[in-house]
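> 3D model of this:
(one chain, ligands or ions: 2)
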Amino acid sequence: MSDQRLPRAEPPRAPLTNVFIDHSREALRARFAAEGISPHWAEQVFSWIYRRGVYDLSAMEDLPQDLRERLAGSWSFRTLETKEVQRSVDGTRKLLLSCWDGEVVEAVLIPEARRTTLCVSTQVGCALACSFCATGALGFTRNLSAGEIVDQVLCAGESLEPGETLTNVVFMGMGEPLLNLPAVHEAIRVMTDQRGLALAPRRITVSTSGVIPKIRPLLEIGSINLAVSLHATTDEVRDHLVPLNKRYSLQALMSALRAEERLSRKRPVFFEYTLIEGVNDSLEDARRLPELLKGIPSKLNLIPMNPHSASDYRPPTTEVCDAFAAEVHAAGVRVMLRKNRGRDISAACGQLARRSGAAQPGASLARSGAASR
Ligand code: SAH
Ligand code: SF4
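Ligands and ions are numbered 1, 2, ... in the order given. All right, here's what the predicted structure looks like:
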């Protein structure tokens, strides 16, 4: 569907080079050292950015004047501009953030009783074309840079309301994080650095549709959470819903997860299962699921399909969803049936499909059902 891409609303700005927030602290120290600048000053710039929220070299008083002038000529701070914040009646907010080239990235802020979660995007569009996902229907445009991922957190921080604190980040927006791993890793380094955004690794969750060879490299970053999008209990159905399954089958995926060393430390894997009427919602599926998950400490999230204009799939009835959840629960699986959130602003799992700088086609069509993450 990328041929339906609409013209950009704004002319592209110049591409960004030398962006501070593209770098972890270690990488910034190395860049400064390579340019003959003491790494000490990298530490100072880093703390001005993340501790004090200052994005202006002239305000960084403890940096030597000549260094400030030198950096000002070739380095920049931010990568995204907040274009719009759409608000759901339930408090969920969708941030529309524009990039230097006119692409628009979506991030979703989800306030809950005891936490506030930000769902970040990692790519513009997605190449994996899952048949139920609005992002997949867009096709792939490009990877986001580490700075564009970090900046989603900075922009969200600027749109927090009094009393709100960002507590969790989930990589469940547009794109497949494991196909943009270097940028995802660098962004996680900034997020978890005590002198960066200072989020505990266990408050970060990365979701994958099952890119097996990248799972272990992903987890080498530390004790973040892994979420795996399952959606089916047979290869036949999964091939259809998640075409990547033709390359990495269900059995191969589950074996790879079973082999993960971290499982010996009993860190659960979060499995996501989008319930689609008449496709994967039968009681036979519910009975096969516990078999599939055997040997993997897991938590299962059931997400009723969020409808959108690029797909004919529909969510099952509440009764069918409840019966499915009860069946897997009875087999001893820790299961959560996700509630609808943000149904009025298309901010739910799989509904993010903003095209470049222009209005969304079909945005006025009824789109209901937004699951909280
Ligand atoms: N690409 C990654 C992460 C982004 S998608 C992945 O696929 O895991 C985040 C979650 O939303 C995934 O579990 C995805 O399968 C699910 N999802 C996609 N489209 C959906 C839809 N229309 N309704 C409900 N969940 C959907
Ligand atoms: Fe890509 Fe995930 Fe959507 Fe599949 S569900 S198309 S992997 S964003």
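
> now for the closest residue to A146 other than its chain neighbours, how many residues are close by?
Leaving aside its chain neighbours, A146 sits nearest to E186 (3.7 Å; criterion: C-beta to C-beta, 6 or more residues apart in numbering). For the C-beta atoms, the positions are set from N, CA and C on the backbone; glycine is no exception. For E186, the count of nearby residues is 22 (other C-beta atoms under 10 Å).

> measure E186 to I149 for me?
Computed as C-beta to C-beta, to the nearest Å, the E186 to I149 distance reads 8 Å.

> kindly report the same for L257.
25 Å.

> neighbour-wise, which of those two wins?
Between L257 and I149, counted using other C-beta under 10 Å, the more crowded position is I149 (33 against 22).

> before we move on, back to that, can you pull the phi/psi pair for the residue nearest to A146?
Backbone geometry at E186, expressed as degrees, to the nearest 10, gives phi -60, psi -40.

> what's the distance between it and D22?
7 Å.

> shared neighbours of the two, anything?
By C-beta atoms under 8 Å, 6 or more residues apart in numbering, E186 and D22 have these common neighbours: A146.

> tell me who's in contact with the closest residue to ligand 2 within the chain.
Distances between the chain and ligand 2 by C-beta to the nearest ligand atom are smallest at G136, namely 2.7 Å. Residues in contact with G136 (C-beta under 8 Å, 6+ apart) are 126, 128-130.

> likewise D235?
245, 249-251.

> can you list the low-confidence ranges for the chain?
1-15, 262-266, 340, 343, 354-373 (pLDDT under 70).

> swap the cut-off to 90 and go again
1-17, 73, 90, 113, 260-267, 338-373 (pLDDT under 90).

> residues from it in reach of ligand 1?
Contact residues, the chain versus ligand 1 (C-beta under 6 Å from any ligand atom): 132-133, 172, 176, 207-209, 229, 272, 274, 303, 305-306, 349-350.

> go again with 5 Å.
Selection of the chain residues close to ligand 1 by C-beta under 5 Å from any ligand atom yields 132-133, 172, 176, 207, 209, 229, 272, 274, 303, 305-306, 349-350.

> which of these ranks first by neighbour count?
That'd be C349 among the residues of the chain next to ligand 1, by other C-beta under 10 Å, with 30 neighbours.

> quick check, that one in a strand?
No - read with DSSP: H, G, I helix; E, B strand; the rest coil, C349 is coil and lies in no strand.

> so it sits against I303, correct?
Yes - with contact defined as C-beta atoms under 8 Å, C349 counts as touching I303 (5.6 Å).

> name the residues of the host helix or strand of L253 that are buried.
Taking DSSP states H and E as the definition, L253 sits inside helix 250-258. By 16 or more other C-beta atoms under 10 Å, the buried positions in helix 250-258 come out as 250, 253-254, 256-257.

> also stretch 17-37?
19-25, 28-29, 31-32, 37.

> equivalent analysis for stretch 101-112, please.
101-111.

> does K83 touch K94 like I think?
No - contact criterion C-beta under 8 Å: K83 and K94 do not qualify, at 11.0 Å.

> who has more neighbours out of the two?
More crowded of K83 and K94, by other C-beta under 10 Å: K94, with 24 against 16.

> for ligand 1, see how far away the more buried one is.
15 Å (C-beta to the nearest ligand atom, to the nearest Å).

> and the helix or strand encompassing that residue, what does it pack onto?
Per DSSP H and E: K94 is located in strand 93-98. Helices and strands touching strand 93-98, by 3 or more C-beta pairs under 8 Å, 6 or more residues apart in numbering; DSSP states H and E, are strand 81-87, strand 104-111, helix 146-158.
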